[in-house]
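> could you work out the structure for the sequence below:
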Amino acid sequence: MEHSISDIDAMVREEKRLTAVESHNEAWAEGLSAGIEPEIIAEAALETAFCEMLRNNGETAALALLDRMREKVIGGAFEPHRLRH
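Okay, here's the model as predicted:
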């Protein structure tokens, strides 16, 4: 079975996403074990993410990410039974 370049790119992107999720899960667990409240960890993670987006891709990309995340929240994508880790 041959894969197109776009298929390969999609597989690489998904592998990177899964690696990032794993890294974030480990950092989250470390924060919790250090006694940091989940809300504080979440806010710090979002601030870091948006600072990086702004620095690397500019305001338009950061705002687009914010819009996509907002739509996911509204659509229920982050409800516990729907998470894909």
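
> where do the helices sit along this structure?
Shown for the chain, the helices assigned by DSSP state H span residues 5-33, 38-74.

> let me have those helices in JSON lines, extended by mean pLDDT.
Formatted as JSON lines, these follow (pLDDT from 0 to 100):
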{"stretch": "helix 5-33", "mean pLDDT": "96"}
{"stretch": "helix 38-74", "mean pLDDT": "95"}
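
> how close does the most centrally placed residue in the chain sit to Asn56?
Nearest to the mean C-alpha position of the chain, counting by CA atoms, centre = their mean, stands Val21 at 6.9 Å. Separation of Val21 from Asn56 (CB to CB, to the nearest Å): 20 Å. (Glycine included, C-beta is placed from N, CA and C.)

> same thing with Arg13?
Distance of Arg13 to Asn56, computed by CB to CB: 16 Å.

> quick revisit: give me the distance between the residue nearest to the centre of the chain and Leu66.
Using CB to CB, Val21 is found at 19 Å from Leu66.

> tell me the contacts of the closest residue to Leu54 other than its chain neighbours?
In space, Leu54 comes closest to Ala62 once its chain neighbours are excluded; the distance is 4.9 Å by CB to CB, 6 or more residues apart in numbering. Contacts were defined as CB atoms under 8 Å, 6 or more residues apart in numbering; by that measure Ala62 touches Phe50, Met53, Leu54.
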